[in-house]
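Visitor: Build me a model:
(chains A, B, C and D)
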There are 4 protein chains.
Amino acid sequence: MASPSNAKPKTHGLRAVPVDLDQNLLTTRRLTLDLAAPLTDEDQTVQAFPDASPTKWHLAHTSWFFETFVLQPFLSGYRIFDPHYNYCFNSYYEAQGARHPRPARGLLSRPSAADVRSYRAHVDAGLAQLFASGQAHEPQIAYLLEVGLNHEQQHQELLLTDILSLFGSNPLRPAYRETPFAVSAQDTRPLRWISFGGGLYTIGHAEPVFAYDNESPPHRVFVNPFKLADRLVTNGEWQEFMRDGGYDTHQHWLADGWAKIHEDNWRAPAYWEEQDGVWHQMTLYGLAPVDPAAPVSHVSFYEADAYARWTGKRLPTEFEWEIAASSVAVEGNMLNSGALRPLPAKTSTDMMLSQIFGDVWEWTQSAYAPYPGYRPAEGAIGEYNGKFMCSEQVLRGASCVTPDSHARRTYRNFFYPHQRWQFCGLRLADEA
Amino acid sequence: MASPSNAKPKTHGLRAVPVDLDQNLLTTRRLTLDLAAPLTDEDQTVQAFPDASPTKWHLAHTSWFFETFVLQPFLSGYRIFDPHYNYCFNSYYEAQGARHPRPARGLLSRPSAADVRSYRAHVDAGLAQLFASGQAHEPQIAYLLEVGLNHEQQHQELLLTDILSLFGSNPLRPAYRETPFAVSAQDTRPLRWISFGGGLYTIGHAEPVFAYDNESPPHRVFVNPFKLADRLVTNGEWQEFMRDGGYDTHQHWLADGWAKIHEDNWRAPAYWEEQDGVWHQMTLYGLAPVDPAAPVSHVSFYEADAYARWTGKRLPTEFEWEIAASSVAVEGNMLNSGALRPLPAKTSTDMMLSQIFGDVWEWTQSAYAPYPGYRPAEGAIGEYNGKFMCSEQVLRGASCVTPDSHARRTYRNFFYPHQRWQFCGLRLADEA
Amino acid sequence: MASPSNAKPKTHGLRAVPVDLDQNLLTTRRLTLDLAAPLTDEDQTVQAFPDASPTKWHLAHTSWFFETFVLQPFLSGYRIFDPHYNYCFNSYYEAQGARHPRPARGLLSRPSAADVRSYRAHVDAGLAQLFASGQAHEPQIAYLLEVGLNHEQQHQELLLTDILSLFGSNPLRPAYRETPFAVSAQDTRPLRWISFGGGLYTIGHAEPVFAYDNESPPHRVFVNPFKLADRLVTNGEWQEFMRDGGYDTHQHWLADGWAKIHEDNWRAPAYWEEQDGVWHQMTLYGLAPVDPAAPVSHVSFYEADAYARWTGKRLPTEFEWEIAASSVAVEGNMLNSGALRPLPAKTSTDMMLSQIFGDVWEWTQSAYAPYPGYRPAEGAIGEYNGKFMCSEQVLRGASCVTPDSHARRTYRNFFYPHQRWQFCGLRLADEA
Amino acid sequence: MASPSNAKPKTHGLRAVPVDLDQNLLTTRRLTLDLAAPLTDEDQTVQAFPDASPTKWHLAHTSWFFETFVLQPFLSGYRIFDPHYNYCFNSYYEAQGARHPRPARGLLSRPSAADVRSYRAHVDAGLAQLFASGQAHEPQIAYLLEVGLNHEQQHQELLLTDILSLFGSNPLRPAYRETPFAVSAQDTRPLRWISFGGGLYTIGHAEPVFAYDNESPPHRVFVNPFKLADRLVTNGEWQEFMRDGGYDTHQHWLADGWAKIHEDNWRAPAYWEEQDGVWHQMTLYGLAPVDPAAPVSHVSFYEADAYARWTGKRLPTEFEWEIAASSVAVEGNMLNSGALRPLPAKTSTDMMLSQIFGDVWEWTQSAYAPYPGYRPAEGAIGEYNGKFMCSEQVLRGASCVTPDSHARRTYRNFFYPHQRWQFCGLRLADEA
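Guide: Okay, here's the model as predicted:
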């Protein structure tokens, strides 16, 4: 999941066309609309801050992506829905020309949400026609469709995290989902350490299924023996850090982080607020008491790193994480679970990693950088990933709002070290 | 019309209760809704920049004003519509407690526009009940109702100028009113000078009708003989100024203005853009060619002052303007005309001032300051005008979107010298 | 004394050439150097903030003024000292071309202070030559010399207030003058009110001596009867305001002022700091306990206005001040007294205004605006005053660091309402 | 060489006390004063921008380092020179308490440069006493002395680059060294590629001589076969990039870099300016024509990376650089050469890397991160390196102003990707 905005494909390494691409695409497109359904047109128009985008914009931009990179070049007779939309809904593709400034996306009361829904229907009709024509099975087109599908999945996650930021800034603290929920009664599961041997490992994507270009090429990395915590750091543990003066002790902090928490007066994770001495946090269910057993979320890299130093441990590298993740199934509390919030780790007696996929993205100590031999694709699609490889940190895993089929062991998410409006948390690591 | 935000009443000088206050109030309240009617709920949610407010916010704030200052204190049994609304819809009344930050008004996707319409209905019902009870005829309450009515009229104007700023920043350049219009065929009327004698004049409000506190007390001012242009400066004349390098010649400019036009790269009035060598301007009818015979609008005080220096003349003082205005009727191209844009001065053979009321507010060279003996009212209502009496300039007259019954010869509008999203223009003055 | 920077002449109204202009000029030029003498070259190089200028820059700029406006155009054979200096030492004269940015004046380690002293000697030699040639008696040249002399006097004051700002920001709190001084033992003199009758008064400069163009033309103003306090507001009284929550009570404040004190966290006049529960203030003698009987200084217009509202009184207009000042001699605690700090009002039994000249400049409620009929001079010299006539407030009187011969009853000093690094205080006024 | 400010030691791995530490220290301390000698006290007082520090501050801070970390804790009877100096001259050690804000270092006209020279003499006397006492041979003290020596060497480089930034912003473009120099007549040496085999390498410091903690622990890294250019990129090559629209072609740029060059309007390396169609650059010798055969310098990481993409190559990783550097001697055009500017690569017939040490620091594509197993030291000295390991890029080698004995193959310099006031350039790399 890319930031400052979004998502990005790869062009080389064409593979067999996946079966059921049309069905998957249809389902994915429909899901985006379903995610927007609980929101009024007004909710869909506004953005809480420049890093977030309006729901309506997500709905339109994902359609623009298919229109621009698939339908317009490949579907003969395709009619552009509205020539102004390229300006309105291009995210960051310099090759596609001028575009509306990102911080002003939330000012676009026009095109209306209804117009955007018509736009989606128009693009969907185009896609159906493309499938009907049989063209969608040509490798180049199939590849671009798959990129578009994955791109749309990224925006599904962003749609939810951006709405959380909007509702979190609203004095009424509205809920995206009205059902109330209870804080888990269970205690925090004791933390155990899982050991992994050192040596030469192959890192990166090498299987014949879709992956982004930034996961390639596969390459060898030497890693020392290491240990990983079997679960994520919890809200309860984070509160201990706070009570121990974690936010007041410079020794724990990177210099940039120490400056940031003073500049923005951070004293707790994002969306936390104290009410009558009890910490609450804004969730997709509205404001709710903090659940001590659930994983901490909405912390920046700076905070995650400071927490790890406070414990005397450290964050894992992205390589350590990927090595460890090879031992577990790609499953967990992701979007399909419907929970829409991080959940406590299940009690378990076997020494297995849990919460590797789902709940929260895990900050790593690895800066986002190209793998050896990486070259971005030619053309606009080459802007998808490569141009962000500076000053950001890699996060691994997936969150409670990541579409399940989007998660991969080699997946590299990335954000700036100060950003924290995503579901971001951490898992501790240590030398073996 | 106040800025940074809005509007403000007077408490002393109680007068006879005006006849038909209830009808006037009903009509005014209904007009506000009518003005919002062409706008979608999305349009009503957003603000283009911090000085502007969303339509929805205007609809709610004007209701909050009646709820807070009239219904809650005086209508027994009145039920507050929603206790959160005081936080959401207080504009700048420190005495009324904490409030939502002005630049973030456009993020309030909730309360919804529909909720706000219900709020209006609730307040209107309360007002009806107050009238039915006969209480509305008590002088103190009648006075506050009249303040509220005038306050609402100010927000009617702001609603339209704020929507213009929103649509002007939208890449689709939408129209508030769809009917197209043609640029006037007529030539600019030749400018003539009207002379006025010097001497001691009484300035300020002294009649037994409503006026804001900043128009009082009436007081004597000595004025030298002077001349005023019989009409406003036109777009055609402004283009001559531009062609003559007006924006590039420091000699015309105040130091602050010279800095501002470089900082923001101003080369023309607000909302002007060149298309294929022809100047267009954003209007409530969408983008249209500039009409050379119509009054220039959307210029800052800095620009108005520079233009006047370029001509070798000057801006009038607010006293000169008021003296001159006593010779003409309070009528012109205001909101009731339905034009919604400044119109060319009519050709005329008699030596009379035209365009004194309507078309555009006229910048004066007078800084906004208290009249001798002025004291703001006690309580929150005292924050209406007095606390803005610094660093702003007085504008006189009325604009094409000012409700007709709101205009007065003694009316003092005020904005900061750099502000130009209102319908602001100028009339030249000179020594006699 | 002008801001953003400095000083400005008039070109019309040539008068008899003043006797002893050469002696006065010589004395004035020498005094500037004397004022700089206690400072190291390092002290003379730096500026504490963008509004202030380095001592060295003042020394050079005042010389540049004579070189540019007198010697270069009128002294035949005059050799420009260094062609780079026009770029370095032009303050704000657009007509004189590009110039070094004001906030970066403090980065000019070159030209060195020694170079600047040579520059001064070179210009002084040129001036001596001009006097020797007899040319200095030609009215136009004599006028420009007198402007230059007055200009230099303004910079003498600025030199001292700017050094105070530099030393006030230095953690060592150095003293410009090493002699210690004791806080006055005397109590604050009780405040008495002096009454003045209303009517038509002539305001502005009309005598055959030098004055700036902004003091002209003389014109009639109608004034209501009024009262003025017989002395300035004191530090002791200001502390009462502070103890009474003056800085926490929005009712006293202009909206812009209320915003400013929160933005910059102002809780007391500039240069005040509390040490072990006792208020101290930075002076030209270093840090010293606040003297309760001395006039409060280094308050902004916002603070002066808030204080006046707290007392239920108001600030005088500049017209009231000028009318009142006609009753007293132009004398007081100014630069020649050598005190270099505001002193308590003397005890007195007769009902006379005191402290009208000297101690601190007095904020008025008058915005800085052109007098009726005012036109700035042609050419660069016309930039001296006129282009600052917007958004600033007039101050009247003189301060403890104003050269005595620079003070006049018609003198109009002006600063932005938030500025307070000058010796600025206030005197209360009221309706009669 | 650290940024935001300076320098940082290691505490573990105590080694045999180096012979001649006292002589080295004496020589180093004296050199710092020699480097400051051509500068006036005024030059030594000012800082051109927040990242740079005044010469005087460097002189004092390096002395404060010895006073605080060596003399005060270990030399019995040592008298603190001035208790205010800890506030004035602490750079970024949170553990040492409050300190003067970095951007305001250039306002400290006091303590004077003369005071700072006395401070240095006082500290030098303390160090001599420590050596005389024999204590300096205790491992812990010897280690801290060596840290202090290396720290001072870093500030020698910064002193020169900071002065360059000051003189580069001065309209007189003064020279640090007055001797003029001629642009080399020679052509750019043709670029050749040197190949290196892949495999497992040990990276980091493992020899029994001093190194900073960020070079440890030594650890194994797997590297693919690669090639390095045998010399640095030259000014002539950079001008080709400029002529080819390098600064206008988004495809070459990281997203953050593309934003930065537009925000700051970068069209060439820092200190470059065009005069009559010829590119000049500010050097320690003043303004001089750009030498096409000399290495390009004062480019940011963003620019270096964009240049590499334009050529179709890439920047090396810091590991590749260190592997390659093992084949060459630690020698080159560094401070001792006295050139004080980057020089063209010498013509050579053998296939050897040149310019590895000296001329300019070389940007790598490696983000600055802890080596596996790295732990910062306890106490203030632990703030030296570790807290900057985020969002910065590693540079390797040394520059024309790095003290020769300071250079090491394992040395890791680091700056933010936008910073370019150091002597920073690049060398191309490629896959084998």
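Visitor: So what pairs up with residue A:362 in the strands?
Guide: Note on residue A:362: beta-bridge partners residue A:396, residue A:425, judged by DSSP bridges.
Visitor: Residue A:251 - that's part of a strand, no?
Guide: No - under DSSP: H, G, I helix; E, B strand; the rest coil, residue A:251 sits outside any strand and is assigned helix.
Visitor: residues near it, how many?
Guide: Other residues near residue A:251 come to 17 when the count uses other CB atoms under 10 Å in any protein chain shown. From N, CA and C alone the C-beta is placed, and that goes for glycine too.
Visitor: From residue A:361, how far off is residue A:295?
Guide: Here residue A:295 is placed at a distance of 10 Å from residue A:361 (CB to CB, to the nearest Å).
Visitor: what residues are shared contacts of these two?
Guide: Common neighbours of residue A:295 and residue A:361 are listed as residue A:425 (criterion: CB atoms under 8 Å, 6 or more residues apart in numbering or on different chains).
Visitor: what about the two, which has more around it?
Guide: Set residue A:295 next to residue A:361 and count neighbours by other CB under 10 Å: residue A:295 wins out with 29 against 26.
Visitor: nearest residue to that one other than its sequence neighbours?
Guide: For residue A:295, ignoring the flanking residues on the chain, the nearest one in space by CB to CB, 6 or more residues apart in numbering or on different chains is residue A:232 at 3.8 Å.
Visitor: Give the helix, strand or coil label for that neighbour.
Guide: coil.
Visitor: Pull the contacting residues for it.
Guide: For residue A:232, the contact set (CB under 8 Å, 6+ apart) comprises A:295, A:296, A:342, A:345, A:355, A:359, A:360, A:362, A:425, A:426, A:427.
Visitor: redo that, cut-off 6 Å
Guide: By CB atoms under 6 Å, 6 or more residues apart in numbering or on different chains, the contact set of residue A:232 is A:295, A:355, A:425, A:427.
Visitor: what's the answer for residue A:280, then?
Guide: Taking CB under 6 Å, 6+ apart, we find residue A:280 in contact with A:273, A:287, A:289.
Visitor: are any of those buried, and which?
Guide: residue A:287 (16 or more other CB atoms under 10 Å in any protein chain shown).
Visitor: Among the contacts of residue A:280, which one sits closest to chain B?
Guide: Nearest to chain B among the contacts of residue A:280 is residue A:287, at 13.1 Å by CB to the nearest CB.
Visitor: Can you give the distance of the strand or helix carrying the closest one from its chain's centre?
Guide: According to DSSP states H and E, residue A:287 maps onto strand A:286-289. Strand A:286-289 sits 22 Å away from the centroid of its parent chain (CA atoms, centre = their mean, to the nearest Å).
Visitor: got it, and stretch A:288-308?
Guide: 16 Å.
Visitor: Could you do stretch A:279-295 as well?
Guide: 20 Å.
Visitor: Only the buried residues of it, if you could.
Guide: A:279-284, A:286-288, A:290-295.
Visitor: State the mean pLDDT of it.
Guide: What stretch A:279-295 shows for mean pLDDT is 96.
Visitor: Repeat that for stretch A:155-169.
Guide: Averaging pLDDT along stretch A:155-169 yields 98.
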